[in-house]
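Peer 1: how would this look folded up:
(chains A and B)
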There are 2 protein chains.
Amino acid sequence: MKLYGYFRSSAAYRTRIALNLKGLAWDPTYIHLTRDGGEQFKPDYLKLNPQALVPALEDDDGTVLTQSMAIVEYLDETRPEPPLLPKSPAERARVRAIAQAVACDIHPLNNLRVLRFLTKDLGLSEDDKNRWYKHWVETGLDAVEKLLAGHPATGRFCHGETPTLADICLVPQVANARRFDCDLSNCPTVVAIEQACLEMPAFSSAAPENQPDAA
Amino acid sequence: MKLYGYFRSSAAYRTRIALNLKGLAWDPTYIHLTRDGGEQFKPDYLKLNPQALVPALEDDDGTVLTQSMAIVEYLDETRPEPPLLPKSPAERARVRAIAQAVACDIHPLNNLRVLRFLTKDLGLSEDDKNRWYKHWVETGLDAVEKLLAGHPATGRFCHGETPTLADICLVPQVANARRFDCDLSNCPTVVAIEQACLEMPAFSSAAPENQPDAA
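Peer 2: Predicted coordinates:
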């Protein structure tokens, strides 16, 4: 299995966690998102992923997959143990909704290409860029906290006592929040779940700072 | 089944299409996103969806669901006919990836709350706001076109000859592109699929302009 990723990409981080949780080894290809104008725009990579985004995963049979949440669901369908989604439709919907509260409502607003467009194309100052970043991360994680805190299905992890797609999306987002010094004081449940996750080598070894291309 | 939505919300539009394709009737509650500072912020609605976003769906047994893609998957798991996802994991991954190329990489950048923050909080001009809008819609749909055009699995719809989650996400996004006069000349496959979808009453009757709250 080949994973095309970048150490700092949250979406690639999600995929690394899922592969680790499934106990799957992968052959890494590093796509540096800022070097040489962005290696994601090279013709060979665009053939794999015309969106010019990481990650892309190539399975052993040659199937190429893109979009981190779709990749995690694919891994869960093709390698069911340990499961990354609960069994019942309502529970699966809750896990997916938490994942999407991060992957649709927070992360798209603060990834590299968006921050670049704000400063380089629209001429926003660094201060305004940081205000934008913190606004979406803080309001977004505050809402995730409300989805989690006091909900009977929340356990050591976002849903119960084992990690799911929701935790896989949450942990990289909290890492970004910390990197940009966002206020997490309203999010004790989020922080407790992050800590529970990071005690698992599947999460901690997938962290950006532990990737070979982070040097 | 109760659907909390707003005519112009793309995410609510997706949910309406899915309910129609499944042949499910719903009892609508209209959450006006701009009236009175936004009805999505009223305490009663926040109890249903702490994210203050539409849609939310309440199933007949009282289960409350949020996040449009999670809702579509829930409907597909609880009411399997007609299926909105293919059978094989690789095909399901392709459909989800196309859906997410819209729902994670285009739509989050041009919804109402984001456009408002750009102009009201960051002081961008209307021209710059429109430039932002067009940039993400056009580069985003150009990438979706590349995922679709010439791919052997693309048919009358994004994946084969029946509509899936991918079409459910694509059609509302193209409607937004038209509303903001974006350039679709690079996207003939996207436009052909949109037309095929809109020939189906399940899609056309779900369109924003056909909702009672559009008046």
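Peer 1: The closest residue to residue A:146 other than its chain neighbours - how many residues pack around it?
Peer 2: Counting by CB to CB, 6 or more residues apart in numbering or on different chains, residue B:50 is the residue found nearest to residue A:146 once chain neighbours are left out, at 3.4 Å. All C-beta spots, glycine's among them, are computed from the backbone N, C-alpha and C. When neighbours are counted by other CB atoms under 10 Å in any protein chain shown, residue B:50 registers 18.
Peer 1: where along chain A do the helices fall?
Peer 2: A:10-21, A:43-48, A:68-78, A:89-103, A:112-116, A:126-148, A:165-179, A:188-198, A:201-204 (DSSP state H).
Peer 1: Distance of the residue of chain A most remote from its centre relative to residue A:181?
Peer 2: Residue farthest from the centre of chain A, counting by CA atoms, centre = their mean, is residue A:123 at 27.8 Å. Distance, residue A:123 to residue A:181, using CB to CB, to the nearest Å: 24 Å.
Peer 1: returning to that earlier point: who touches the residue nearest to residue A:146 in this structure?
Peer 2: By CB atoms under 8 Å, 6 or more residues apart in numbering or on different chains, the contact set of residue B:50 is A:143, A:146, A:147.
Peer 1: so what's the closest residue in space to residue A:14 that isn't next to it in sequence up against?
Peer 2: Leaving aside its sequence neighbours, residue A:14 sits nearest to residue A:68 (CB to CB, 6+ apart; 4.4 Å). The contact partners of residue A:68, by CB under 8 Å, 6+ apart, come to A:11, A:12, A:14, A:15, A:55, A:103, A:169.
Peer 1: Same list (those residues) but as TSV, adding neighbour count.
Peer 2: Listed next are these as TSV, based on neighbours: other CB atoms under 10 Å in any protein chain shown:
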residue	neighbour count
A:11	24
A:12	30
A:14	28
A:15	28
A:55	24
A:103	30
A:169	30
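Peer 1: Now render these as CSV, adding pLDDT.
Peer 2: Listed next are those as CSV, based on pLDDT from 0 to 100:
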residue, pLDDT
A:11, 97
A:12, 98
A:14, 98
A:15, 98
A:55, 97
A:103, 98
A:169, 98
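Peer 1: Domain map for chain A?
Peer 2: A:2-82, A:89-203 (automatic domain parsing).
Peer 1: So which of the helices of chain A is nearest residue B:114?
Peer 2: Of all the helices of chain A, helix A:126-148 sits nearest to residue B:114, with 8.3 Å by CB to CB.
Peer 1: Format the helices of chain A as CSV; extra columns: distance to residue B:96.
Peer 2: Supplementary listing: the helices of chain A in CSV, determined by distance: least, CB to CB, whole Å:
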stretch, distance to residue B:96
helix A:10-21, 14
helix A:43-48, 17
helix A:68-78, 4
helix A:89-103, 11
helix A:112-116, 21
helix A:126-148, 21
helix A:165-179, 12
helix A:188-198, 23
helix A:201-204, 22
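Peer 1: my guess is residue A:77 meets residue B:91, correct?
Peer 2: No - the pair residue A:77 / residue B:91 is not scored as a contact, 10.6 Å apart, by CB atoms under 8 Å.
Peer 1: who are the neighbours in contact with the residue nearest to residue A:144 when sequence neighbours are not counted?
Peer 2: The shortest distance from residue A:144 to any non-neighbouring residue, by CB to CB, 6+ apart, is to residue A:101 (5.3 Å). Residues near residue A:101 by CB under 8 Å, 6+ apart: A:140, A:143, A:144, A:147, B:51, B:66, B:67.
Peer 1: Read off the pLDDT value for residue A:101.
Peer 2: pLDDT recorded at residue A:101 is 98.
Peer 1: All set, thanks.
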